[in-house]
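Student: next one to model:
(chains A and B)
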Amino acid sequence: NAGVTQTPKFRILKIGQSMTLQCTQDMNHNYMYWYRQDPGMGLKLIYYSVGAGITDKGEVPNGYNVSRSTTEDFPLRLELAAPSQTSVYFCASSYSWATSNQPQHFGDGTRLSIL
Amino acid sequence: GQQVMQIPQYQHVQEGEDFTTYCNSSTTLSNIQWYKQRPGGHPVFLIQLVKSGEVKKQKRLTFQFGEAKKNSSLHITATQTTDVGTYFCAGDQTGANNLFFGTGTRLTVIP
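Tutor: Model (predicted):
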């Protein structure tokens, strides 16, 4: 079972470059999320989606964009990469919102360094 | 805005000792989830608590949700080396769409 798959696993970018972090899930989950985790810190929600065609901002959306054209895919776009975006990025999915007693399933993460 | 704090930030215990991490929210939560993240890994869901005063057990782990639904705790009895990792609580405010993760407690178990 693949679950939540993130690519790439590692990436080094130069300041000002752009890239897309890919996330796909094969569990037919309607909810998907993007988090960033800075070293030794907790998870901060960047963007989330409650279904195809619907996205919304989380706690730290600045500098990022997302799209949700299909149920399976939820790519995260970084435009004009900055050193402050050096972090580990996790994608997660769930059947529905947390209040419905469904856990979030996380991918293995993308370790991104901006130099 | 909503904040979820955890204490302690770090905890070192001898194998066999007990361990407790506490989670406190600035606002009332509709529910709280607990996750474990092994070093270099991703968060893995452990449990969700919904009811005020709820207590749930998973083998050596005991989870509790406060009466006011603003705090929670995770207690591990007789720690083992396999318990090593960072434990996160995560909660959401009633009516909100964001799940806020706590700062985490990193547990080290000394054999």
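Student: give the bridge partners for the spatially most central residue of chain B, please.
Tutor: Centroid-nearest residue in chain B, with CA atoms, centre = their mean: residue B:89, separated by 4.1 Å. Beta-bridge pairing of residue B:89 under DSSP bridges involves residue B:34.
Student: surely it meets residue B:101?
Tutor: Yes: Residue B:89 is within contact range of residue B:101, at 7.5 Å (criterion: CB atoms under 8 Å). Every residue, glycine included, has its C-beta placed from N, CA and C.
Student: so who does the most centrally placed residue in chain A touch?
Tutor: Central residue of chain A (CA atoms, centre = their mean): residue A:34, 2.7 Å from the mean position. Applying CB atoms under 8 Å, 6 or more residues apart in numbering or on different chains, we find residue A:34 in contact with A:21, A:23, A:45-48, A:58, A:64, A:66, A:74, A:76, A:89-92.
Student: at 7 Å instead, please
Tutor: By CB atoms under 7 Å, 6 or more residues apart in numbering or on different chains, residue A:34 lies in contact with A:46-47, A:66, A:76, A:89, A:91.
Student: any chance of these in a markdown table, with neighbour count too?
Tutor: A markdown table is the format used below for the contacts of residue A:34 (neighbours: other CB atoms under 10 Å in any protein chain shown):
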| residue | neighbour count |
| --- | --- |
| A:46 | 24 |
| A:47 | 23 |
| A:66 | 23 |
| A:76 | 21 |
| A:89 | 22 |
| A:91 | 28 |
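Student: element containing the residue of chain B found nearest chain A, please.
Tutor: Closest contact between chain B and chain A, by CB to the nearest CB, is at residue B:45 (3.4 Å). Residue B:45 belongs to strand B:44-49 when elements are defined using DSSP states H and E.
Student: return the list of helices and strands in contact with the helix or strand just after that strand.
Tutor: Sequence order places strand B:55-58 as the next helix or strand after strand B:44-49, per DSSP H and E. Under the contact criterion of 3 or more CB pairs under 7 Å, 6 or more residues apart in numbering or on different chains; DSSP states H and E, strand B:55-58 touches strand B:44-49, strand B:61-65.
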